[in-house]
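[1] quick one: sequence and predicted model below, then my questions.
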Amino acid sequence: MTSGASETAAHGHRKDEDAWIGSSIGRREDPRLLTGRGRFTDDIHLPGMLHAQFVRATVASATVTSVDLSEVRRVPGVVAAFDAADLGLADITARLDRPVAEFVPTAMPVLARDRVRYAGEPLAVVVATDPYAAEDGLEAARVSYETRTAVVSDEQALAEGAPLVHDEATANTLVDVSMFATEGIDEVFASAHRVVRVRTKTGRQNALPLETRGALAAWDDREEQLALHTSSQVPHQVRTVAARCLGLDERAVRVLVPDMGGGFGQKCVVGREEIAVAAAALRLGRPVKWSEDRKDALTASFLAREQRYDVRAAFDAEGRILGLDADVVCDMGAYSCYPFSAGIEPLMASAEMPSVYKVPAYRVRARAVTTNKAPTAPYRGVSRPQFVMVVERLFERAARELGMDPVEIRRRNVITEFPYTGVNNVTYDPGSYRESLDLCEAHVREEGWYELRERAAAEGRHIGIGYSCFSERTGYGSAAFAQRKMEVVPGFDIAEVRMDTSGALVVTTGTMSHGQSHETTMAQIAADELGLDVARVRVHQGDTDRITYGWGTFASRSIAIGGSAVRIAAGKLGGKLRLIAASRWDLDPGEVELTRDAVRRRDTGETLSYREIADIAYLRAHLLPKDVDPGLTATASFDVLNDGTFSNATHAVVTELHEGTGQVEILRYLCVEDCGVAINPKVVEGQCRGGIAQGIAGALFEEITYDEQGEPSATSFMDYKVPTAQEIPDVGIHHLETPCAFTETGAKGAGEGGTIGAPAAVLNSVNDALRGTGVELDNTPITPATVVSALEHTP
């Protein structure tokens, strides 16, 4: 393990000055994106293009007695209007291979038919010559309902005699799993020196990508293929679902994703609107575009985060944890998302709650309940911001009750010997759990925050210091997803590298960047392997016709899995380059090596440029060695067949609470992170800062609430409080490096750690600032009113 700037010696990388891995080169995407030359879904215009908008349910729970579109079709500019019966599409159904006692599948119709289950659910699609006419058409739609009692909270959903959101889901429960129950755990708690308990609830959030969802579909007569341009993190999954819903061969659907303005998980599931737009385009024989407005994005898109935890932890007199006993309830809204299902949140919480700590005994029950709210999809972190917050609160509470330092109690419990197989049957690969904690605390002390806290207390000010220590499983492969018993099992990824006659390289990958800098980092991996100038590498993604299959980008998988596939493919191509060059010198391939845009003889230093080799491979193939095919192309796949690789970090936050206003001001934010080999440290820091901003948003600002009828409170940014640059502090980031032994680059994922650690660190800091008041806060977001009320208890 190393600290400070990223090293490039790990995992066999070249240590010379030409190595690209570990270099903080500028993002290749930036010149295009920062000068307004990016091309997003809404920027695409095709001849004869029509525009679509959706008639949406105005009530949260009802039987639909009629959908009358007759007046819609008379609105000037409206070309067509379709309801579910008109389009006749198959439903979208996510499944787990689990018994009905553990999982209940629920079909999500592309357009609602006889029932609506949340306000904003699509009932019909209106297609017009321009967006304004489409909006006018919505006003003419007449939908008749027989309203039902809306279920608007998990407590209401689980109450005896509650109305059922889905008739097949008794007790409104879609998932109910008890994955772990250590034998004798009740005795562990009964005999423990101290048992602490935390009950917490987190607010419902919107992932809030800058670019809302959108789709443009057009039939191509020449290719006999539907081209579906969409803003999606998972283009191949969209293709699969679109083909099945539309009754087409998958070959007849091509999904293309242009530049994408964020996704954060909201776009890693298949949306109903994408399929409806494709169906409308097929029916009309003209291109049809849909661009989601911000109101629909806030109220009717996939939401996230709303969870409730009741967790106990047992400790001995020295502060060592003895057991963890948890009950988890996740409010998943009206439907399971595809392909992950409603199990995405509770299964994540169950499997990974012990986190970085040596927990000897563990019991957990986790449920996904269905309510009359917009469905839940993965959002950056997926349950880990919630359960890390709970576990970190347990350690804080135990430290207080045992009279221990909060950092010291963590120090006594973090995993320090690797590989470590936990009570949750997960094997953790080497990390820097203790080291990150120690270094983070050292920086806090060196900067003088502990002294400032004590001086402030003497002055009657309220300053607190809070920590969170956590891991982030990344690079989930087929084995990890199969453990969830998903019917659709993500995991592998495929990459292709192709060198042209000029010696330049094109890399095609099944991942899908939505801000993660893949055009830069994937190019660095390929350039590093081949000794190319990174400027001569072009990265392609987001086109289902260019790669056999890919699982897209989510779960911090792209560099760990997709990047490994790129490196293997580049290595294969490098082998062919060496073989061709060696044959020209009558040498064995082991007697030559790759260097700067060339193959070099080890004995004399003579070189043959990639351009010269490509000339042979393509234009003078008669000179190729026997059994060597023309061309310079290589394809490779990569999968993780174990439990994945774990990044880790410690966050520290210093906050000040202001009397009167209840403002929580963040004075300092520190992050010590370890994501293995950092392909581009500057990109890693950007991921950390962006993730932390979203974690702070969940801790202090963002929440979507509902009234008793299931009407969402936040329909614009006037109602949904989003932090600005003024509320987000500068973040001090320090790197540690523990290379992964089984990814091809030594890299681990880095996309979600910032979001995972931030809520816990902020909440612990606020509670430290409240020390002496007798008040502890365990729910998020922490509102100014909550802080004012807590400070009023100050003696």
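    Alright, I've got the coordinates. Please read these numbers as outputs of a predicted model, since none were measured by experiment.
[2] give me the contacts around stretch 452-466.
    Residues outside stretch 452-466 that contact it (C-beta atoms under 8 Å, 6 or more residues apart in numbering) are 396, 444, 449-450, 652-659, 667, 760-771, 791, 794. C-betas here are computed from N, CA, C, even on glycine.
[3] restricted to helices, list those.
    396, 444, 449-450, 760-769, 791 (DSSP state H).
[4] just the strands from the stretch 251-400 of the chain, written as ranges.
    253-256, 288-291, 307-315, 321-331, 362-369 (DSSP state E, counting those that start in this stretch).
[5] okay, now the unreliable bits of the stretch 651-795 of the chain?
    Residues of the stretch 651-795 of the chain that meet the criterion pLDDT under 70 lie in 794-795.
[6] so G491 sits against G477, correct?
    Yes. Using C-beta atoms under 8 Å, G491 is in contact with G477, at 4.5 Å.
[7] which residues are common contacts for those two?
    I561, D639, V640.
[8] restricted to strands, list the residues you listed.
    Among these, none falls in strands (DSSP state E).
[9] quick one: which of those residues is most hemmed in?
    I561 (34 neighbours; other C-beta atoms under 10 Å).
[10] measure the closest residue to that residue other than its chain neighbours to A636 for me?
    Excluding the flanking residues, the one nearest I561 by C-beta to C-beta, 6 or more residues apart in numbering is D493, at 4.9 Å. As judged by C-beta to C-beta, to the nearest Å, D493 and A636 stand 10 Å apart.
[11] likewise W449?
    Per C-beta to C-beta, W449 is found 48 Å from A636.
[12] do G710 as well
    On the measure of C-beta to C-beta, G710 and A636 end up 49 Å apart.
[13] and what of I465?
    Per C-beta to C-beta, I465 is found 47 Å from A636.
[14] these two: which is more packed in?
    Of the pair I465 and A636, I465 is the one with more neighbours under other C-beta under 10 Å, namely 24 against 20.
[15] ok, back up a step: compare G491 and G477 (neighbour count), which wins?
    Ranked by neighbour count (other C-beta under 10 Å), G491 and G477 place G477 first, with 25 against 20.
[16] pLDDT score for the more buried one?
    As predicted, G477 sits at a pLDDT of 95.
[17] go ahead and confirm it touches S637.
    No. Using C-beta under 8 Å, G477 is not in contact with S637; the gap is 11.1 Å.
[18] any shared contact partners between the two?
    When contacts are counted by C-beta under 8 Å, 6+ apart, G477 and S637 are jointly contacted by F492.
[19] circling back: mind listing the shared neighbours of D493 and A636?
    With C-beta under 8 Å, 6+ apart, D493 and A636 have common neighbours A565.
[20] just the buried ones from the contacts of stretch 452-466?
    For these, a burial check counting by 16 or more other C-beta atoms under 10 Å picks out 396, 444, 449, 652-657, 667, 760-770, 791.
[21] before we move on, the earlier item: quick one: which of the strands of the stretch 251-400 of the chain is nearest A80?
    Among the strands of the stretch 251-400 of the chain, the nearest to A80 by C-beta to C-beta is strand 288-291 (9.3 Å).
[22] which strands or helices does that closest one pack on?
    strand 50-56, strand 214-220, helix 272-284 (3 or more C-beta pairs under 8 Å, 6 or more residues apart in numbering; DSSP states H and E).
[23] closest to L619 out of these?
    Of these, nearest to L619 by C-beta to C-beta is strand 214-220, at 32.4 Å.
[24] give me the residues contacting the helix or strand just after that closest one.
    Moving toward the C-terminus from strand 214-220, the next helix or strand (DSSP states H and E) is strand 225-230. By C-beta under 8 Å, 6+ apart, the residues outside strand 225-230 that reach it are 41, 44, 213-220, 238-239, 242, 246, 248, 251-258, 274, 277-278, 281-282.
[25] please report phi then psi for Y118.
    The phi and psi values for Y118, taken as degrees, to the nearest 10, are phi -160, psi 150.
[26] measure it to C440 for me?
    For Y118 relative to C440 (C-beta to C-beta), the value is 42 Å.
[27] pick out whichever of these two has more residues nearby.
    A direct count of neighbours by other C-beta under 10 Å for Y118 and C440 places Y118 higher, at 28 against 25.
[28] who are the contact partners of the nearest residue in space to that one that is not next to it in sequence?
    With sequence-adjacent residues excluded and distances taken as C-beta to C-beta, 6+ apart, Y118 is closest to A334, at 4.5 Å. Each residue near A334 by C-beta under 8 Å, 6+ apart is listed here: R117, Y118, E121, V165, T370, T371, N372, K373, A374, P375.
[29] and A334, what's its pLDDT?
    98.
[30] for T93, see how far away it is.
    Shown here: A334 relative to T93, a distance of 14 Å by C-beta to C-beta.
[31] repeat that for A769.
    Distance, A769 to T93, using C-beta to C-beta: 48 Å.
[32] next: V762.
    Applying C-beta to C-beta, the value for V762 to T93 is 38 Å.
[33] can you show me the helices along the stretch 651-795 of the chain?
    Using DSSP state H, counting those that start in this stretch, the helices of the stretch 651-795 of the chain run over 681-700, 753-769, 784-791.
[34] any chance of those in JSON lines, plus distance to R312?
    Below are these laid out as JSON lines (distance: least, C-beta to C-beta, whole Å):
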{"stretch": "helix 681-700", "distance to R312": "23"}
{"stretch": "helix 753-769", "distance to R312": "18"}
{"stretch": "helix 784-791", "distance to R312": "24"}
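[35] most tightly surrounded among those helices?
    Stretch with highest mean neighbour count among the helices of the stretch 651-795 of the chain: helix 753-769 (a mean of 29; mean count of other C-beta atoms under 10 Å).
[36] packing partners for it?
    Right, helix 753-769 is packed against helix 384-402, strand 462-474, strand 645-657, strand 664-674, helix 681-700 by 3+ C-beta pairs under 8 Å, 6+ apart.
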